[in-house]
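A.B. asks: Below: sequence and its predicted model.
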Amino acid sequence: MTHIDIINAFVEKRAYQAYLEISNGAGGTFQAVQCASKHRVVPEPGASSDEFFATNTAKFDIVFIDGVHQCDQVLREIQNSIAALRSGGVVVIHDCLPPTDEAARGRPVSGRAWCGDVFRAIAWYFSKSRYLCYTVDTDFGVGVIDLSREAVACASFPCDTISELSYGAFWEDRGRLAHIMPAGSFYGLVAPGDLVDSFSNLPLSWRPKNIPAPYDLVPRRQPSAGNTCVVYATDGGRDDVARLSMSARSLVKRSRLAFDLVVLSDAAIPESAVLGREGVVPYYNCLDMCGVLQGVGMQRDQWTGRRWPFAALYRLGVPLHSGLMKYRRMVYLDTDTLVLSGDVDHLMEADLGGAEVGCVYDIDGDCYSRIADLLYNDTKSEYVDSIVSDIGPSIRTRAYVNSGVLLMDLDVVRARRDWYVRRLGMYWEASCRGKFAYIDQDFINAMMRVRADFNTMFNWQRGGYPGGCVIRHYIAGQKQEMAARAREEGLV
């Protein structure tokens with residue numbers, strides 16, 4: 001498979017009509033591409049394609065970049081090409097995987113492969129793109145930017161500036177930085193449509209996450225995250241606070257976004273116990289969350305005990321807590337999670353599309369039928385239906401999600417405060433009769449508008465550390481493994 005095969009596959013499968021090529025040389029690729037309308041830009045010595053794009057008004061379906069193999073120029077050509085594409089178009093970039101250090105630097109030598117530092121451009125752009133990006137592992141690496149699809153779990157750029165990325169560092173981590181796609185899997189991505197089947201045999205980090213990533217070519221250090229708080233809930237026990245500290249430090253270490261850290265507990269937990277020192281991020285310890293749900297008509301002691309542990313109350317009470325009204329978005333993390341990648345920022349900035357909560361499916365897929373049976377058998381169906389019909393899909397059919405990692409749109413929840421309180425009251429009645437395994441998690445599944453198509457890498461529960469893992473959730477008996485990994489990360 002060559003870059004020509006890849007271009008022609010897009011043209012054929014997507015019925016593209018207009019092709020633009022930026023290249024030097026004799027024009028063999030231009031002649032071989034089978035497209036109804038073709039245009040080629042051949043930059044003059046010392047010039048670039050910038051002059052063409054400055055005056056161009058035409059639109060294209062596919063653009064092939066194989067001109068000046070210099071990072072800065074390739075980045076400009078990517079931006080200019082995307083601006084010149086029709087909706088659903090594709091940018092194809094040659095020479096993304098130089099085979100040797102010699103091929104990745106200097107100027108071309110007659111008779112030898114030369115790719116320049118295109119690798120820097122694609123690693124940088126891929127880490128920022130809102131579109132699906134990958135590199136087909138063939139013909140010195142053929143990069144693809146597909147505007148018809150949203151980004152798949154993006155790798156964070158490992159350096160502060162583009163020029164700092166060496167060929168050796170790139171080559172060692174090329175699978176992650178270049179989003180390498182085996183050549184044999186390429187044809188499953190060409191035809192428009194659902195990507196789930198196409199990615200079914202690939203690593204989980206390559207499966208669609210449907211989370212738009214921010215698009216820019218400027219290193220992000222501390223932008224506003226839109227009045228976002230990251231919330232932990234703890235019973236204040238020594239072991240749980242220790243895990244909370246490991247998790248919070250891993251988040252502060254990896255994220256570049258601005259956020260406030262909020263610890264919900266009946267115990268006073270000093271900032272130094274969580275972050276090691278003060279002033280790392282704005283820190284708040286909110287005590288006595290039980291008062292926030294008095295509108296439901298329940299007393300403090302009703303929320304204690306086996307059925308409604310404090311952690312459940314805290315997680316469900318956040319949207320109504322008067323001290324947290326300044327926040328518009330909340331990221332909730334269980335204390336038994338570690339953030340292992342800067343890609344956590346994509347989760348924090350995700351668009352929930354009107355849903356109240358965004359999350360990942362639980363590894364126990366059989367839980368949901370239990371919830372539906374309990375609610376329908378132990379509660380008046382018409383009462384449940386009146387709420388569920390307002391939420392969305394039937395609770396009889398929805399898949400079960402895990403609440404260890406949540407993104408909550410607090411504005412959406414508060415806009416329907418009366419409905420939220422009513423749901424809590426009804427769920428309280430059902431929980432008193434039913435034997436729910438996880439009170440707060442079951443509530444989220446049964447009674448909230450949930451967007452559950454987040455990539456599993458944002459809440460990996462199965463053990464191990466698959467490629468692209470962003471947040472590792474150490475469930476059940478994995479707490480010792482969490483402590484060991486935290487020590488490796490320098491978090492304790």
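C.D. replies: Structure's in. What do you need?
A.B. asks: so where is the stretch 101-250 of the chain shaky, pLDDT-wise?
C.D. replies: 106-113, 151-155, 185, 188, 191-226 (pLDDT under 70).
A.B. asks: quick one: the helices in it?
C.D. replies: For the stretch 101-250 of the chain, the helices defined by DSSP state H, counting those that start in this stretch occupy 118-128, 167-172, 174-177, 196-199, 238-254.
A.B. asks: can you pull the contacts of Arg329?
C.D. replies: Residues in contact with Arg329, defined by C-beta atoms under 8 Å, 6 or more residues apart in numbering, are 225-229, 348, 407-410. Just so you know, the C-beta spots here come from the backbone N, C-alpha and C atoms, and that holds for glycine as well.
A.B. asks: Show me these that map onto strands.
C.D. replies: 228-229, 407-409 (DSSP state E).
A.B. asks: Of the helices of the stretch 101-250 of the chain, flag the one that's most buried.
C.D. replies: Comparing the helices of the stretch 101-250 of the chain by mean neighbour count (mean count of other C-beta atoms under 10 Å), helix 118-128 comes out on top with a mean of 25.
A.B. asks: hmm, back to that, can you put the helices of the stretch 101-250 of the chain in a markdown table and add distance to Ile78?
C.D. replies: Listed next are these as a markdown table, based on distance: least, C-beta to C-beta, whole Å:
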| stretch | distance to Ile78 |
| --- | --- |
| helix 118-128 | 6 |
| helix 167-172 | 17 |
| helix 174-177 | 16 |
| helix 196-199 | 24 |
| helix 238-254 | 26 |
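A.B. asks: which one of the ones you listed lies closest to Asn80?
C.D. replies: Closest to Asn80 of the helices of the stretch 101-250 of the chain is helix 118-128 (C-beta to C-beta; 12.7 Å).
A.B. asks: can you list contacts of that closest one?
C.D. replies: 69, 71-72, 74-75, 78, 93-98, 104, 133, 135, 141, 143, 145, 154-157, 162-163, 165, 167, 170, 174, 177-179, 213-217.
A.B. asks: ok, what's across the strand from Leu19?
C.D. replies: Careful, residue 19 is Tyr; it's not Leu. On the basis of DSSP bridges, Tyr19 is bridged to Lys38, Ile62.
A.B. asks: For it, report the pLDDT, please.
C.D. replies: Per-residue pLDDT puts Tyr19 at 97.
A.B. asks: quick one: contacts for it?
C.D. replies: Contacts of Tyr19 by C-beta under 8 Å, 6+ apart are 7, 11, 33, 35, 37-39, 60-64.
A.B. asks: Chain neighbours aside, what residue packs nearest to Val360?
C.D. replies: Asn459 (3.8 Å; C-beta to C-beta, 6 or more residues apart in numbering).
A.B. asks: no no, Ser245
C.D. replies: Nearest non-adjacent residue to Ser245 (C-beta to C-beta, 6+ apart): Val274, at 5.1 Å.
A.B. asks: would the one you found count as being in a helix?
C.D. replies: Yes: the assignment for Val274 (DSSP: H, G, I helix; E, B strand; the rest coil) places it in a helix.
A.B. asks: and it, how many residues sit next to it?
C.D. replies: 23 (other C-beta atoms under 10 Å).
A.B. asks: With Ala446 instead?
C.D. replies: Neighbours of Ala446 (other C-beta under 10 Å): 25.
A.B. asks: Equivalent analysis for the one 5 residues further on, please.
C.D. replies: Counted with other C-beta under 10 Å, residues neighbouring Arg451 total 21.
A.B. asks: so it sits right up against Gly358, yeah?
C.D. replies: Yes: counting by C-beta atoms under 8 Å, Gly358 is a contact partner of Arg451 at 4.5 Å.
A.B. asks: Identify the residues contacting the residue lying closest to Ser247 once chain neighbours are set aside.
C.D. replies: Of all residues not flanking Ser247 in the chain, Thr337 sits nearest, at 5.1 Å (C-beta to C-beta, 6+ apart). Contact analysis of Thr337 by C-beta under 8 Å, 6+ apart lists 247, 404-405, 459, 471-474.
A.B. asks: How about the secondary structure of the nearest residue to Gln478 once chain neighbours are set aside?
C.D. replies: Excluding the flanking residues, the one nearest Gln478 by C-beta to C-beta, 6+ apart is Gly463, at 6.8 Å. Under three-state DSSP, Gly463 falls in the coil class.
A.B. asks: Same question for Cys469.
C.D. replies: Strictly by three-state DSSP, Cys469 counts as coil.
A.B. asks: Tell me how far it lies from Ile6.
C.D. replies: 29 Å (C-beta to C-beta, to the nearest Å).
A.B. asks: When those two are compared, which one has more neighbours?
C.D. replies: Between Cys469 and Ile6, counted using other C-beta under 10 Å, the more crowded position is Ile6 (24 against 19).
A.B. asks: The more buried one: which element?
C.D. replies: Under the criterion of DSSP states H and E, Ile6 resides in helix 3-13.
A.B. asks: Please put the alpha-carbon coordinates of that helix into CSV.
C.D. replies: Extracted in CSV, the C-alpha atoms of helix 3-13 (Å, rounded to 0.1, in the frame of the first residue of the first chain):
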residue,chain,number,x,y,z
HIS,A,3,0.1,7.0,-0.3
ILE,A,4,-1.5,6.9,-3.8
ASP,A,5,-3.6,3.9,-2.8
ILE,A,6,-4.7,5.7,0.3
ILE,A,7,-5.7,8.8,-1.7
ASN,A,8,-7.5,6.9,-4.3
ALA,A,9,-9.4,4.8,-1.7
PHE,A,10,-10.8,8.0,-0.2
VAL,A,11,-11.7,9.4,-3.6
GLU,A,12,-13.5,6.2,-4.5
LYS,A,13,-15.3,5.3,-1.3
